[in-house]
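Student: turn this into a model:
(2 chains)
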There are 2 protein chains.
Amino acid sequence: MQRIANLLVFKDDKVLLMKKPRRGWYVAPGGKMEPGESVYTAACREFAEETGALPEDVHLKGVYTMVIRDDQDEQTLDEWMLFTFVARGLSGVPMEENREGKLEWHDAAELGTLPMAEGDRTNLMFAVSSPGIQYGTFIYTQDFRLIREEIQRSEERMEP
Amino acid sequence: MQRIANLLVFKDDKVLLMKKPRRGWYVAPGGKMEPGESVYTAACREFAEETGALPEDVHLKGVYTMVIRDDQDEQTLDEWMLFTFVARGLSGVPMEENREGKLEWHDAAELGTLPMAEGDRTNLMFAVSSPGIQYGTFIYTQDFRLIREEIQRSEERMEP
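Tutor: Okay, the predicted model is just below:
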């Protein structure tokens, strides 16, 4: 099963997004975990490879089960895990583009309207606006139309 | 790739552990995620199935990459993901035992000395004593001797 880690820099009310050429959809920089890697290491490595800059003050904000179903919603075609991190700092200046798309700063509020997969919108908006961790399952068609989602959230409580 | 979710109830300075008969090692109740399930749902479901009680105030404390290597540390034999949750509350009374072992309450401080896999000790002690989330890779032999570990930790910072 594939494991994907992505990372959203959120600094001065702006977020760093990558615009993918095929659909013009925005994503957070990220990619596949390597064997034996931790999710944290994978998110930082993938971000550095895709932007040329180093994330700082990195924290996990979401753990998602991603499912692709056929168009009749009868059969699962693929399933993977997505781990979404936020970084509140950045060292270095991101490239303007890489092999996969253009890197652009946007106001965090634009996460509500920029073109992207609907599950990504839910996850990235949670990551910049709410405390705690979000969990869930997102079920898509093969062309990334959201069929349904189930979401849970929690916040840490240290004292008994 | 297998995905395992476990859950440690931590209440009144006590933790609920399961003692497995084979080695006498202690673990937190948990088990395999089902297809399409979220990590949160899996942890709560597995805990309920194994204890007969319902966890409350559940929060993720650890995401781990678990690797089994051959005795010469030359080849990876298995790799899976482990998600560790803490619950600060409990509804219902846990069973005294289930098919997999005996359920016992212990002082949280005993996590330092009870027999268990060394990686589990690190993870469960973190879960009850430190704020934030722990990530890492634990590399074991086939008979669960810890070869090496790499650990990262983070805490949430909401304000810029």
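
Student: return the helix or strand in chain A with minimum mean pLDDT.
Tutor: strand A:97-98 (a mean of 94; mean pLDDT, DSSP states H and E).

Student: which residues touch the helix or strand following that one?
Tutor: Sequence order places strand A:101-107 as the next helix or strand after strand A:97-98, per DSSP states H and E. Contact partners of strand A:101-107, identified using CB atoms under 8 Å, 6 or more residues apart in numbering or on different chains, comprise A:13-21, A:26-27, A:29, A:50-51, A:94-97, A:114. Using the backbone N, CA and C atoms, a C-beta is placed for each residue, glycine as well.

Student: what mean pLDDT does strand A:101-107 get?
Tutor: For strand A:101-107, mean pLDDT rounds to 97.

Student: which regions of chain A sit below the pLDDT cut-off?
Tutor: Across chain A, the ranges flagged by pLDDT under 70 are A:159-160.

Student: would you state the strands of it in chain order?
Tutor: Assigned by DSSP state E, the strands in chain A fall at A:2-11, A:14-19, A:26-27, A:30-32, A:54-69, A:76-91, A:97-98, A:101-107, A:133-140, A:146-154.

Student: redo the ones you listed as CSV? Include mean neighbour count.
Tutor: As requested, those are exported to CSV (neighbours: other CB atoms under 10 Å in any protein chain shown):
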stretch, mean neighbour count
strand A:2-11, 22
strand A:14-19, 21
strand A:26-27, 20
strand A:30-32, 17
strand A:54-69, 20
strand A:76-91, 18
strand A:97-98, 14
strand A:101-107, 16
strand A:133-140, 22
strand A:146-154, 15
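
Student: now those in TSV, with distance to residue B:151?
Tutor: Listed next are those as TSV, based on distance: least, CB to CB, whole Å:
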stretch	distance to residue B:151
strand A:2-11	17
strand A:14-19	27
strand A:26-27	29
strand A:30-32	22
strand A:54-69	14
strand A:76-91	16
strand A:97-98	30
strand A:101-107	31
strand A:133-140	19
strand A:146-154	22
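
Student: note down every partner strand of the least confident helix or strand of chain A and its orientation.
Tutor: Its sheet considered, strand A:97-98 pairs with strand A:101-107 (antiparallel) by DSSP bridges.

Student: residue A:124 is in contact with residue A:10, isn't it?
Tutor: No. Taking contacts as CB atoms under 8 Å, residue A:124 lies outside contact range of residue A:10: 9.3 Å.

Student: residue A:86 bridge partners, please.
Tutor: Applying DSSP bridges, one finds that residue A:86 bridges with residue A:8, residue A:59.

Student: what's the spacing between it and residue A:57?
Tutor: 9 Å (CB to CB, to the nearest Å).

Student: much appreciated, bye for now.
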